[in-house]
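J.: heads up, no residue letters with this:
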């Protein structure tokens, strides 16, 4: 064997342990979960009797009873949570990045403050925001409601994450959860946009200024279009986080009254590990995987393909 | 500078906005601080819940740390220790694996290496719910169920994609000429790593170690499914149990939250620059 060939083999063998581990723990386990989702496993002891798509059927049709009702709510909640969470993070993150890009004194301090929630656990975030948005009772208001009371704004008090009201399929109880999640992740989009802004050569802006372009024109026509790939990256990363969100909501509100703050991640966890409905839990997790894969795979493919072309 | 004092409403507006946002971002910190320094009697007084403590006390930190054994309340000191025992080995092992993998995938590309890398990367995006059922079974079957080592193994395995990614992008910046020079001197694959790449790796390791430490310390789902025994639980699980208990002594809960948050927060404040690099690396393109 030639030296070069031998070394290519050594290279491959060095990677092999990681390859084997991921082959088993990612792909093998996904296959296994898929098999469980097609089984009758409903109890502590495994039961791999083939039942076809019954478990999926029970999540989507009347035959599933409460499970189908709950899962339907979960999907709506995920949709609204994702939309507003992404909007909040991208818009506030972009605004903060643009503001910070104006040669700000004390930029480091501001940046540190906007980004510090990223260093915290979702559990920590959940506990603190649970305190803030706990409504209390009308006679003994807590949290935000107590604060509103101090300013004589009692008419703005409401039940926050315990509210069972909804606007169409949108449960308003999600609003506090979205705020908490956006509080944690906005710094991330800010950091991405700021890195992007710093990557735009100053000469480009100078040239535009020389041509008589106004600052707002430079932003609208030159800088924002150049930030578009960053927006896409941010949407993918935040989007896949929001599709699989669990710990934040589980800590802050749980499933809520009438599932107002329930999401597939919580449903899966409770039905599998507290209810022992393994097959149903597996089915939910497969649906979560499909949703995440639909967002992430095209991105991974284009991202790595672009790298090869570079 | 022509005028020493120049009033510019535009800049005043920018600073006002930035400060306003900063204050909003700090509201949870304010809440944590004022509540955790209050005694139980004062935290009960809802009319004062947004006001600072009348007489700040460390009482709730004491209770959160040591617990009240006679009331069956566990202290978090044990859970902090568990988190350290879990996070440190898992961080070190996954960083070393990532460094070797990143080296191979950036400097020794064999045929199919890029596809393999993409397949590895997918592992960091999956919802872990979709592997959780087999995972708990396998961990139990190999005798690691309900042990810290089981959880360490889990974090090492699912840490491979991100650590490999960061190191691969990091090593891609090292000029190939340096490697060729070492090869001409007769160095093999591991000697090149050891003599050329590893000495340049410190910043890469700092980024990866900070990233892994923060993520593993903060993780909840794996911990809550794999470690049921209260005396083995890491801090995130214990904190959630403390906050979820019926009789909620909010001052103790908030003190516990502060204790749980402090290690990663300190790392972030001291080494923020490296933290941000890890953060940006997670969006695949380095």
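T.: Everything's here; your move. Since we're looking at a predicted model, the values are computed, not measured.
J.: Identify each buried residue in stretch B:142-154, please.
T.: Buried residues in stretch B:142-154, counted by 16 or more other Cβ atoms under 10 Å in any protein chain shown: B:144, B:147, B:148, B:150, B:151, B:152, B:153, B:154. All C-beta spots, glycine's among them, are computed from the backbone N, C-alpha and C.
J.: which ones are touching residue 136?
T.: I went with chain A, as the question did not name one. A:142, A:143, A:145, A:146, B:46 (Cβ atoms under 8 Å, 6 or more residues apart in numbering or on different chains).
J.: Please refer instead to chain B.
T.: When contacts are counted by Cβ under 8 Å, 6+ apart, residue B:136 is found next to B:145, B:225, B:226.
J.: again, 10 Å this time
T.: A:272, A:273, B:145, B:146, B:150, B:154, B:222, B:225, B:226 (Cβ atoms under 10 Å, 6 or more residues apart in numbering or on different chains).
J.: now do residue A:176
T.: A:129-130, A:132-135, A:143-144, A:160-163, A:252-253, A:261.
J.: Now with 7 Å, please.
T.: Going by Cβ atoms under 7 Å, 6 or more residues apart in numbering or on different chains, residue A:176 touches A:129, A:133, A:160, A:161.
J.: Over to residue B:111?
T.: No contacts exist for residue B:111 under Cβ under 7 Å, 6+ apart.
J.: in stretch A:289-307, what's buried?
T.: The neighbour-count check on stretch A:289-307 (16+ other Cβ under 10 Å) flags A:289, A:291, A:292, A:293, A:295, A:296, A:299, A:300, A:303, A:304 as buried.
J.: Now do that stretch: distance to the chain's middle.
T.: When C-alpha coordinates are averaged (Cα atoms, centre = their mean, to the nearest Å), stretch A:289-307 and its chain have centres 16 Å apart.
J.: which other residues reach that stretch?
T.: By Cβ under 7 Å, 6+ apart, stretch A:289-307 touches A:30, A:236, A:239-240, A:243-244, B:114, B:118, B:121-122, B:125-127, B:130, B:284-285.
J.: Filter the residues you listed down to just the ones in helices.
T.: Cross-referencing these against helices under DSSP state H gives A:30, A:236, A:239, A:240, A:243, B:114, B:118, B:121, B:122, B:130.
J.: now, which of the contacts of residue A:136 sits nearest residue A:79?
T.: Within those, proximity to residue A:79 (Cβ to Cβ) peaks at residue A:143, which comes in at 27.1 Å.
J.: where does chain B dip in pLDDT?
T.: B:1-6, B:246-247, B:282-286 (pLDDT under 70).
J.: From chain B, how far out is residue A:159?
T.: Plainly put, residue A:159 is 16 Å away from chain B if you go by Cβ to the nearest Cβ, to the nearest Å.
J.: what does the stretch 1-150 of chain B have sitting close to chain A?
T.: Contact residues (Cβ under 7 Å from any Cβ of the partner chain) of the stretch 1-150 of chain B with chain A: B:14, B:17-18, B:21-22, B:25-26, B:28, B:31-32, B:46, B:49-50, B:97, B:100-101, B:104, B:108, B:110, B:114, B:116, B:118, B:120-123, B:125-127, B:129-131, B:133-135.
J.: Now restrict those to buried residues only.
T.: With burial judged by 16+ other Cβ under 10 Å, the buried subset of the residues of the stretch 1-150 of chain B next to chain A is B:14, B:18, B:21-22, B:25, B:28, B:31-32, B:46, B:49-50, B:97, B:100-101, B:104, B:108, B:116, B:118, B:120-123, B:125-127, B:129-131, B:133-135.
J.: quick revisit: can you put the contacts of residue B:136 in CSV and add secondary structure and distance to residue B:75?
T.: Putting those into CSV (DSSP: H, G, I helix; E, B strand; the rest coil; distance: Cβ to Cβ, whole Å) gives the following:
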residue, secondary structure, distance to residue B:75
A:272, helix, 31
A:273, helix, 26
B:145, coil, 26
B:146, coil, 21
B:150, helix, 24
B:154, helix, 26
B:222, helix, 23
B:225, helix, 24
B:226, helix, 22
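J.: Now for those: which two are most distant?
T.: A:272 and B:150 (17.9 Å).
J.: who's in contact with the nearest residue to residue A:252 once chain neighbours are set aside?
T.: Distances taken as Cβ to Cβ, 6 or more residues apart in numbering or on different chains place residue A:126 nearest to residue A:252, at 3.8 Å, with adjacent residues excluded. The contact partners of residue A:126, taken as Cβ under 7 Å, 6+ apart, are A:247, A:248, A:251, A:252.
J.: Could you do residue B:54 as well?
T.: Contacts of residue B:54 by Cβ under 7 Å, 6+ apart are residue B:42.
J.: Also residue A:238?
T.: Taking Cβ under 7 Å, 6+ apart, we find residue A:238 in contact with A:85, A:86, A:89, A:185.
J.: hang on, the last one packs against residue A:88?
T.: No. In this structure, residue A:185 is not within contact of residue A:88 by Cβ atoms under 7 Å, at 8.7 Å.
J.: So those two - more neighbours on which side?
T.: When neighbours are counted by other Cβ atoms under 10 Å in any protein chain shown, residue A:185 and residue A:88 differ, and residue A:185 comes out ahead with 26 against 19.
J.: The more buried one and chain B, how far apart?
T.: Plainly put, residue A:185 is 11 Å away from chain B if you go by Cβ to the nearest Cβ.
J.: Mind telling me what element that residue is part of?
T.: helix A:174-198 (DSSP states H and E).
J.: immediately after that helix, which helix or strand?
T.: Next along from helix A:174-198, by DSSP H and E: helix A:202-210.
J.: could I get the contacts of residue B:136 as a markdown table with distance to residue A:74?
T.: Shown next, in a markdown table, are those (distance: Cβ to Cβ, whole Å):
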| residue | distance to residue A:74 |
| --- | --- |
| A:272 | 14 |
| A:273 | 17 |
| B:145 | 29 |
| B:146 | 30 |
| B:150 | 29 |
| B:154 | 26 |
| B:222 | 22 |
| B:225 | 19 |
| B:226 | 24 |
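J.: between the residues you listed, which is closest to residue A:34?
T.: Nearest to residue A:34 among the contacts of residue B:136 is residue A:272, at 14.7 Å by Cβ to Cβ.
J.: Tell me how far the closest one lies from residue B:158.
T.: Distance, residue A:272 to residue B:158, using Cβ to Cβ, to the nearest Å: 18 Å.
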